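*Asks:* quick one, fold the following:
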Amino acid sequence: MPSVFDAEYEPSPWEPIAREVERYERTDGAEPSELVGDRWIVLWTVGARSGKVRKTPLVRVADGEGRYAVIGSMGGAPTHPQWVHNLRANPVARVHDGSSLVECSVREVDGDEKAAWWARATAVWPDYDTYQAATDRVIPVFVLEPVATVRS
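*Replies:* Predicted coordinates:
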């Protein structure tokens, strides 16, 4: 069955991101990330305008039941990372977690659900609170729920 993720992959124009993705894919995340630490994943999205596959290394935030959250912090920058726009336009993702590759449905969360995921996220990466304090924008949180395993 064809997938939106069969589209052409376009590496990030920012070299550190492209290098981190290559490192993850080469080692299945066994080597720590220089950007996001020891516990990390690679998020696949579909470009909102380009339709191309984009890959982003992110902190691994999971609930132990197969779901993940991704936090649109961009280090507290005043604008959202590009992948936030991609997920809002195309609410599907792939998560590369270790040797597993899982397709997920995506939804942006708020209220109590966001607070619960935020607590999980700050337990892994405490700087998320600092990032929120550094920006006027509300940092979005997306929950990714597996719908199919591409590779285990």
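
*Asks:* find the centremost residue of the chain, please.
*Replies:* Leu43 (4.0 Å; CA atoms, centre = their mean).

*Asks:* so it, which of the three states?
*Replies:* Recorded secondary structure, Leu43: strand (DSSP: H, G, I helix; E, B strand; the rest coil).

*Asks:* how near is it to Trp117?
*Replies:* Distance, Leu43 to Trp117, by CB to CB, to the nearest Å: 15 Å. All C-beta spots, glycine's among them, are computed from the backbone N, C-alpha and C.

*Asks:* you'd agree the residue nearest to the centre of the chain is up against Lys55?
*Replies:* Yes: the pair Leu43 / Lys55 is scored as a contact, 7.0 Å apart, by CB atoms under 8 Å.

*Asks:* identify the contacts common to those two.
*Replies:* Contact criterion CB atoms under 8 Å, 6 or more residues apart in numbering; residues bridging Leu43 and Lys55 by contacting each: His96.

*Asks:* identify the bridge partners of the closest residue to Asn90 other than its chain neighbours.
*Replies:* Residue nearest to Asn90 in three dimensions, not counting chain neighbours: Val46, with 4.3 Å by CB to CB, 6 or more residues apart in numbering. In this entry, Val46 is beta-bridged to Val53, by DSSP bridges.
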